[in-house]
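# using only what follows, build the 3D model:
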Amino acid sequence: MRSRAGESRGERKIRDVVGAMTRIAPPLLAQAWDNVGLLAGDPSAPARRVLLCIDLTPGVATEAVRARADLVLAYHPPIFKPVRRIVADSDGTDAAVLTCLRAGVSLYATHTALDAAPGGTNDVLAELCGLTDVHPLESAAAPGEPQVKLVTFVPREALEKVAEALFDAGAGRIGEYARCSFRIEGEGTFFGSEQTRPRVGERMRLERVAETRLEVVVPRSKLPQAASALRASHPYEEPAFDLYPLERPVTAGIGRTGSLPRGTTVAALAGRLAKRTGSRVVQHVGRGTRPVRRAIVVAGSAGDLPFPHLRGEGDVIVTGEMRHHDALTVVRRGAAAILLGHWESERPALALLSTRLAAALPGLVVKISRADVSPLEPA
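Here you go, the predicted structure:
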């Protein structure tokens with residue numbers, strides 16, 4: 001294992017890179033079948049140099065060791081199925097994993113988390129297509145705990161006491177901001193029966209009180225504490241409050257769809273993408289002269305994902321690869337498809353990821369692997 005002599009305080013750790021990736025491409029966004037995150041290594045180990053790649057091949061592993069990388073951040077998980085053995089004489093990924101582990105190089109995979117994340121694999125590919133009005137095909141689980149909005153009505157003289165109690169119970173936090181609330185002035189009325197013991201006003205009499213409508217967000221798990229704090233701090237015997245479930249805005253999800261520039265044809269878009277991705281294995285389904293107005297973008301392998309969203313004529317699927325019978329389905333529906341190559345459709349995302357990771361962790365050296373190459377070659 002690599003010596004850690006001379007480590008300085010404040011030095012970047014593997015856990016810092018993991019934290020940055022959790023913000024850039026939250027693992028919660030990954031598909032349930034995927035294996036993303038830190039797959040091997042010590043979170044407390046130093047992180048000075050990171051090598052990005054699509055696939056951890058033996059060549060990439062050798063490059064990582066020679067470059068003294070502390071972490072290989074791979075798009076495809078190098079450890080996916082349950083591990084049965086890690087041996088040196090393997091001719092596949094197992095040998096590459098062992099090479100890294102022997103040299104103290106940690107391994108991280110991002111895969112479908114990066115596919116779904118804003119600014120990730122599919123967004124990069126959508127931008128290369130020149131799409132506008134871009135949306136995810138299918139929304140992913142938004143990171144963070146579900147929240148509700150709590151709305152109550154408080155006499156003005158008790159407003160700050162109630163608000164402080166709610167804040168102390170965990171309400172009123174939005175991102176990095178705390179003690180957030182919204183307030184509207186108004187008038188409340190109530191009439192207590194003979195069985196009531198009002199703390200404000202008298203029973204058997206219609207009361208009018210100057211009140212403030214107070215709104216705060218509350219994590220669902222902290223709702224019991226917030227309700228208890230409200231009742232304890234509120235001057236009314238029976239304080240009224242409403243709860244509204246909140247939906248997070250859909251900004252993440254697998255795939256993208258958007259509008260193409262006017263006058264785009266299949267051949268013109270395929271040529272543009274070949275140039276921008278550097279792919280030498282581009283193919284297309286449907287006539288090259290066919291005009292297309294809307295693109296469905298799925299980096300890597302399209303699978304079944306695009307077809308529920310395919311409207312027909314004017315649509316083009318932009319992906320890495322497609323099954324033969326799926327290509328026939330595209331033709332039958334009067335649509336088109338552009339196949340860039342699996343690796344070629346994913347590789348462009350590494351440049352933006354490198355920039356974002358370096359910006360998130362100043363001083364970290366982030367490089368894109370040169371040994372990481374497509375297994376496909378043009379005939």
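# would you map the strands across the stretch 51-200 of the chain?
Per DSSP state E, counting those that start in this stretch, the stretch 51-200 of the chain carries strands over the ranges 71-74, 106-109, 132-139, 147-155, 182-191.
# for those strands, give me CSV that also has distance to A232.
Backbone N, C-alpha and C define where each C-beta goes, glycine included. Formatted as CSV, these follow (distance: least, Cβ to Cβ, whole Å):
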stretch, distance to A232
strand 71-74, 49
strand 106-109, 46
strand 132-139, 38
strand 147-155, 13
strand 182-191, 20
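# any idea which of these is most buried?
Per residue and on average, the most neighbours among those fall to strand 71-74, with a mean of 28 (mean count of other Cβ atoms under 10 Å).
# mind giving me the packing neighbours of it?
helix 14-24, strand 49-53, helix 58-66, strand 106-109 (3 or more Cβ pairs under 8 Å, 6 or more residues apart in numbering; DSSP states H and E).
# need these in CSV with distance to I79 and mean pLDDT, can you?
What follows is the helices and strands packed on strand 71-74, written out as CSV (distance: least, Cβ to Cβ, whole Å; pLDDT from 0 to 100):
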stretch, distance to I79, mean pLDDT
helix 14-24, 16, 96
strand 49-53, 14, 98
helix 58-66, 13, 96
strand 106-109, 7, 97
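# nearest to F307, of these?
strand 106-109 (27.3 Å; Cβ to Cβ).
# export that closest one to PDB, keeping only CA atoms.
C-alpha atoms of strand 106-109 as PDB (Å, rounded to 0.1, in the frame of the first residue of the first chain):
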ATOM      1  CA  SER A 106      -9.800   3.700  -4.400                       C
ATOM      2  CA  LEU A 107     -12.700   3.000  -6.800                       C
ATOM      3  CA  TYR A 108     -15.900   5.000  -7.300                       C
ATOM      4  CA  ALA A 109     -18.700   4.500  -9.800                       C
END
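# CA atoms of stretch 244-263 as CSV?
The C-alpha trace of stretch 244-263 is given here as CSV (Å, rounded to 0.1, in the frame of the first residue of the first chain):
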residue,chain,number,x,y,z
TYR,A,244,-49.8,20.6,2.8
PRO,A,245,-47.6,17.9,1.2
LEU,A,246,-44.8,19.4,-0.9
GLU,A,247,-43.7,18.0,-4.3
ARG,A,248,-40.1,18.6,-5.2
PRO,A,249,-39.6,20.1,-8.7
VAL,A,250,-38.6,17.5,-11.3
THR,A,251,-35.0,18.4,-12.4
ALA,A,252,-33.6,14.9,-12.4
GLY,A,253,-34.4,11.7,-14.1
ILE,A,254,-33.3,9.1,-16.6
GLY,A,255,-33.3,10.3,-20.3
ARG,A,256,-34.1,13.7,-21.7
THR,A,257,-36.4,15.0,-24.4
GLY,A,258,-36.4,18.4,-26.0
SER,A,259,-37.0,20.4,-29.2
LEU,A,260,-34.5,20.5,-32.1
PRO,A,261,-33.6,23.5,-34.2
ARG,A,262,-35.8,24.2,-37.2
GLY,A,263,-34.8,22.4,-40.4
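# which parts of it are buried?
By 16 or more other Cβ atoms under 10 Å, the buried positions in stretch 244-263 come out as 252-258, 260.
# what's next to stretch 228-239, contact-wise?
With contact meaning Cβ atoms under 8 Å, 6 or more residues apart in numbering, stretch 228-239 is reached by 150, 152-155, 158, 161-162, 164-166, 168-169, 192, 196-200, 241.
# could you do stretch 348-362 as well?
12, 16-17, 20-21, 23-24, 47, 50, 52-54, 73, 75, 110, 114, 119-121, 124-125, 128, 276-277, 299, 364-368.
# 6 Å instead?
16, 20, 24, 52, 121, 124, 277, 366, 368 (Cβ atoms under 6 Å, 6 or more residues apart in numbering).
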